[in-house]
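> this is a predicted model, with the sequence first.
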Amino acid sequence: MVKTLRRPLLLALCGAGLVVGFLRLKGGERPAVHGGWRELSGPDLR
Amino acid sequence: MKAAVVGGGAVGARAARQLLGADGIELLLVDDALPGQAEAVAASLGSPCVARSWSASDLDAGDVVVLAMPGDHLARARAALARGVHVVSVSDAVDDVEALLDLDGEARAAGASVVAGAGFAPGLTCLLARHAAAGFDAVDEVHVAKAGTGGPACARQHHRALTDEALDWRDGEWRRTRGGSGRQLCWFPDPLGALDCYRGGLPDPLLLVRAFPGATRVSARMAASRRDRLSARLPMLRRPHPEGLLGAARVEVRGRRGPVTGVQVLGVLDRPAIAAGILAGVCAEWAAGGRLARTGAGGLAELVPEPVPFLHDLAWRGVRAAAFEGEEAVASRL
């Protein structure tokens, strides 16, 4: 019984791992950003 | 002035709250298809807000209706125009925006305005594009990106948009591309930061090309995760958040000033439902007060004569735009 189920179980586990890995993949490191955001206020809105 | 808000959801309720504070408001009608929803909004706002099923005959010429419900905006806009009532639509569906822009002749004849896409994106994005363009003699490119959604209707539209056909304006013609294609890393105001954005069925280019006819490239993208893309063709896996969470929009305008080319990046960080409601309310006030550039149909980039006073009105209500600056400017502020 255990021997019969071993292969499908392993395949299912690998498949689940691949799906979870794909969903969680962040797409690698983000390049550094050179600058920042400044809120528009006062002189910008006159 | 009398006003009506059709749709008392996350955006409509905020728009109604803004209109309640408008100068000279005599009557504010709130209508919603969900039983009890309009009554709840009217009870929370108090007089002169009344929950009632809206019909065009409730308003007179020069009054304003804000359309903030899911579904067809065209029929209600037509009914309003027939009585000379201004229309402000928050729909971000391409079909709705196209249909409302086609009402231009009808609206001009009626002496009324139809503001299409008066929400977060499009809406704030159009306004920011107009503001950024003020720094150039000629605008060559406008690229818009958005992250996050407003209420449940907005979230469903956002979900559909990722698989809908995308419209890109390139070298004087429309190019139709697959939604979910064209990944681009876009930096939104903190704390959202860098997010992968993709093409989708977004109406921003339709509105921006009319406002910047000389631009050679206009595009719009939406932030999406890998899970969003994987599940885009399925029904929504989770019930949408009733109020939406934090979102952001970003507008990049490239243009020329004299012989020099440059780029200006503006953004906004807010909860889309709140920002869209506030913008729709301010827009309705401007339309009823005759402060828009002209009658007829268009987006905010076309219809707002001067973006600074509009941005000032938004900032006073808590919706603040930001500009992205290079590291030299950041260092000089430290």
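Cool, got the structure. Numbering: from 1, shown residues only, chains lettered A, B, ... in the order given.

> summarise which helices and strands the helix or strand that contains residue B:157 is packed against.
Counting by DSSP states H and E, the element that carries residue B:157 is helix B:152-161. For helix B:152-161, the contact count by 3 or more C-beta pairs under 8 Å, 6 or more residues apart in numbering or on different chains; DSSP states H and E identifies helix B:10-20, helix B:272-288 as packing neighbours. Bear in mind the C-beta positions are built from the backbone N, C-alpha and C, glycine included.

> what are the contacting residues of the first one?
By that I understand helix B:10-20. Contacts with helix B:10-20, where a contact means C-beta atoms under 8 Å, 6 or more residues apart in numbering or on different chains, come from B:3, B:5-6, B:8, B:25, B:28, B:30, B:32, B:41, B:44-46, B:48-49, B:66, B:68-69, B:90, B:119, B:150-152, B:154, B:242-244, B:273-274, B:276-278, B:280-282, B:284-285, B:317.

> show me which of those are buried.
Of all the contacts of helix B:10-20 considered here, the ones buried according to neighbour count by 16 or more other C-beta atoms under 10 Å in any protein chain shown are B:3, B:5-6, B:8, B:25, B:28, B:30, B:32, B:41, B:45, B:49, B:66, B:68-69, B:90, B:119, B:150-152, B:154, B:243-244, B:273-274, B:276-278, B:280-282, B:284-285, B:317.

> does residue B:232 touch residue B:178 like I think?
No - judged on C-beta atoms under 8 Å, residue B:232 makes no contact with residue B:178 at a distance of 11.1 Å.

> looking at those two, which one has more neighbours?
For residue B:232 versus residue B:178, neighbours defined as other C-beta atoms under 10 Å in any protein chain shown are more numerous around residue B:232 (19 against 13).

> how far does the lowest-mean-pLDDT helix or strand in chain A sit from its chain's centre?
The weakest-scoring helix or strand in chain A, judged by mean pLDDT, DSSP states H and E, is helix A:2-24 (a mean of 81). Mean-position distance between helix A:2-24 and its chain equals 19 Å (C-alpha atoms, centre = their mean, to the nearest Å).

> buried stuff in the next helix or strand after it?
Proceeding N to C from helix A:2-24, the next assigned helix or strand is strand A:35-39, under DSSP H and E. Under the neighbour-count criterion of 16+ other C-beta under 10 Å, strand A:35-39 has A:35, A:36, A:37 buried.

> got a pLDDT number for the first one?
It stands for residue A:35. Per-residue confidence (pLDDT) for residue A:35: 81.

> that one reaches residue B:323, doesn't it?
No - with contact defined as C-beta under 8 Å, residue A:35 does not count as touching residue B:323 (10.0 Å).

> can you map out the helices along the stretch 1-150 of chain B?
Shown for the stretch 1-150 of chain B, the helices assigned by DSSP state H, counting those that start in this stretch span residues B:10-20, B:37-45, B:74-81, B:94-101, B:104-110, B:124-133.

> what's the shortest one packed up against?
Counting contacts by 3+ C-beta pairs under 8 Å, 6+ apart, the secondary-structure elements packed against helix B:104-110 are helix B:74-81, strand B:113-115, strand B:296-298.

> measure residue A:7 to residue A:21 for me?
For residue A:7, the distance to residue A:21 equals 21 Å [C-beta to C-beta, to the nearest Å].

> any weak-confidence spans in chain B?
Low-confidence regions of chain B, defined here as pLDDT under 70, cover residues B:327-334.

> near chain A, which residues of it are found?
By the rule C-beta under 8 Å from any C-beta of the partner chain, the part of chain B lying against chain A is B:185, B:187, B:189-190, B:193-194, B:196, B:226-227, B:230, B:266-267, B:308, B:311-312, B:315, B:320-327, B:329-330, B:333.

> write the PyMOL selection for whichever of the residues you listed are buried.
Isolation of the buried members of these (16+ other C-beta under 10 Å) is achieved in PyMOL through the command below:
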select buried, chain B and resi 187+189+196+266+267+311+312+315+320+321+322+323+324+325
